[in-house]
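Student: Provided below for reference: sequence and predicted model.
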Amino acid sequence: MTTQVFHDSPYDRKPQLAWYASRFAIYGMLILWAVICLFPIYWTLTTSFKMAPDVMKGSLIPWWDFTPKWLGWKSMGLSPDTIGSYSTVRVEFFGRFTNSLIISISSSLLAVVLGSLAAYGLSRFSYRFGYMRNSDISFFFLSQLILPPVVLALPVLVMYKSLALLDTRIGLILLYTLSVLPIVIWIMRDQFAGIPVELEEAALVDGLSIWGAFLTIVMPIALPGMVAALILSLVLTWNEYFFAALLTSTHANTLPVMVASQTGSQGISWWSMAALSFAAILPLILIGIVLERYIIKGMAAGAVK
């Protein structure tokens, strides 16, 4: 009895080598892109622990290029040796953090609610307003993003002064809602357009009203897109600086205004600005991690119908 031994020929190994090479190239590019995206966060965090000479030298690796210090966090009253004592800067930071939290969440939720209703109407019904049809109305909403904010500065300032909305949270909430509403409408219009109309027609046949079909059938399917639109609105409103600096002075100042205040006549306090910036972006990072699956579903919702 003889046993035959089969050896892999070079031709059999070529597909395997090609597969491993493609995997290596793809994962290598993904790792490189992740490093590029995460580097600003890493730089911000490490800069908050640097002294002035370390910042100027561009040191990057803690305990290798420089010895970490709590200088940036100490200036905010958040270092281990100052957290237990009273700090006016810490009180101001938490006050502005609260303002940013209330203003961004309120305006984003309001924009998602109003934008979802408008987008649902544009995707399901035919409108006629003069010469404008659905596509014209959608473009009208998008055209609101064409004007730069500085063009609206003087009219908004005069209007807010006459309405006593200067330096108020409600003033920024209304303005931020209008600023992100066009983006939410366009995102949600595509989400609703990807949902088959037959599902709502079946719900109407079963006795549900239009509102009932929207709340029980359409909204659960479009929820990932709504969450994605909410996160985008949160990022835009949380980081908005121009109108926050223009329309507020004492009571409704937000975190971006406080971060920009670290630039003075004696130069930029990089360690303080870095500590403030990292504290400001940390909530958005946590929200993105927690709601990651909704973001992915929202991005892919319209890909397959």
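Tutor: It's in.
Student: residue 263: neighbour count?
Tutor: Look at residue 263: counted by other CB atoms under 10 Å, it has 12 neighbours. The C-beta positions use only the backbone N, C-alpha and C, and glycine is treated the same way.
Student: that one bridge partners, please.
Tutor: Note on residue 263: beta-bridge partners residue 268, judged by DSSP bridges.
Student: distance check, residue 139 against residue 112.
Tutor: Residue 139 sits 21 Å away from residue 112, going by CB to CB, to the nearest Å.
Student: neighbour-wise, which of the two wins?
Tutor: It is residue 112, of residue 139 and residue 112, that has more neighbours when counted by other CB under 10 Å, with 26 against 12.
Student: just for the stretch 201-305 of the chain, where's the confidence low?
Tutor: Within the stretch 201-305 of the chain, the segments meeting pLDDT under 70 span 264-267, 294-305.
Student: OK, contacts around residue 105?
Tutor: By CB atoms under 8 Å, 6 or more residues apart in numbering, residue 105 lies in contact with residue 234.
Student: quick check: it is in a helix.
Tutor: Yes - under DSSP: H, G, I helix; E, B strand; the rest coil, residue 105 sits within a helix.
Student: and it, how close does it get to residue 208?
Tutor: Distance, residue 105 to residue 208, by CB to CB: 31 Å.
Student: what ranges do the helices span in the chain?
Tutor: Using DSSP state H, the helices of the chain run over 10-47, 52-57, 71-75, 88-124, 134-143, 153-162, 169-193, 197-205, 210-213, 219-238, 242-247, 255-260, 270-290, 292-300.
Student: winner for burial among those?
Tutor: helix 71-75 (a mean of 23; mean count of other CB atoms under 10 Å).
Student: and for that helix, what are the contacting residues?
Tutor: With CB under 8 Å, 6+ apart, helix 71-75 has contacts from 47-51, 79, 81-82, 89, 269, 271-275.
Student: report the two of the residues you listed separated the most.
Tutor: Pairwise distances across the contacts of helix 71-75 peak at 20.9 Å for 81 and 273 (criterion: CB to CB).
Student: how distant is stretch 285-294 from the center of its chain?
Tutor: With CA atoms, centre = their mean, to the nearest Å as the basis, stretch 285-294 stands 10 Å off its chain's centre.
Student: render the CA-only coordinates of that stretch in PDB, please.
Tutor: Extracted in PDB, the C-alpha atoms of stretch 285-294 (Å, rounded to 0.1, in the frame of the first residue of the first chain):
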ATOM      1  CA  ILE A 285     -16.300  61.500  22.600                       C
ATOM      2  CA  LEU A 286     -18.400  59.600  25.200                       C
ATOM      3  CA  ILE A 287     -21.600  60.300  23.300                       C
ATOM      4  CA  GLY A 288     -20.000  59.000  20.100                       C
ATOM      5  CA  ILE A 289     -18.800  55.800  21.800                       C
ATOM      6  CA  VAL A 290     -22.100  55.100  23.400                       C
ATOM      7  CA  LEU A 291     -24.200  55.800  20.300                       C
ATOM      8  CA  GLU A 292     -21.700  54.300  17.800                       C
ATOM      9  CA  ARG A 293     -24.100  51.600  16.600                       C
ATOM     10  CA  TYR A 294     -26.800  54.200  15.800                       C
END
